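> this is the structure alone, sequence omitted:
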């Protein structure tokens, strides 16, 4: 399974996370986790959920 992770630091009214989702799909992501959370935040619930879902052999892709 290939997982993708998309994150924006501000809410959806200010940043468009859909560009990341499109690019992750184009890169082959089977399942995409996304969230609006500042990079310095200690808790990123969707990122943690993605890590919990992975098993050995899975891949995770992100974008810059």
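Ah, there it is. Quick caveat: nothing in here was measured; it's all calculated off a predicted structure.
> quick one: low-confidence ranges for this protein?
Filtered on pLDDT under 70, the chain yields the residue ranges 11-14.
> can you give me the helices in it?
For the chain, applying DSSP state H gives helices covering 18-26, 45-53.
> give the other helices and strands that the first one contacts.
Read that as helix 18-26. Helix 18-26 sits against strand 2-8, strand 31-36, with contacts defined as 3 or more CB pairs under 8 Å, 6 or more residues apart in numbering; DSSP states H and E. (C-beta placed from N, C-alpha, C; glycine too.)
> find the residue closest to residue 58 in space, skipping its chain neighbours.
Using CB to CB, 6 or more residues apart in numbering and skipping the chain neighbours, the partner closest in space to residue 58 is residue 1 (4.8 Å).
> burial check on that neighbour, number of neighbours?
12 (other CB atoms under 10 Å).
> surely it and residue 30 touch.
Yes - Residue 1 lies in contact with residue 30 (CB atoms under 8 Å); the separation is 5.3 Å.
> hang on, residue 7 packs against residue 44?
Yes - counting by CB under 8 Å, residue 7 touches residue 44, with 7.1 Å between them.
> neighbour-wise, which of the two wins?
residue 7 (20 against 17).
> what sits against that one?
17, 20, 34-37, 39, 44, 46-47 (CB atoms under 8 Å, 6 or more residues apart in numbering).
> for it, name its beta-bridge partners.
Per DSSP bridges, the residues bridged to residue 7 are residue 35.
> picking that back up, buried ones among the contacts of residue 7?
Those of these that meet the buried threshold are 17, 20, 34-37, 44, 46-47, by 16 or more other CB atoms under 10 Å.
> and those as TSV, adding distance to residue 60?
Listed next are those as TSV, based on distance: CB to CB, whole Å:
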residue	distance to residue 60
17	17
20	14
34	13
35	14
36	19
37	17
44	13
46	12
47	10
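> returning to what we had before: residue 55 is nearest to which of the helices and strands packed on helix 18-26?
For residue 55, the closest of the helices and strands packed on helix 18-26 is strand 2-8, at 10.6 Å, according to CB to CB.
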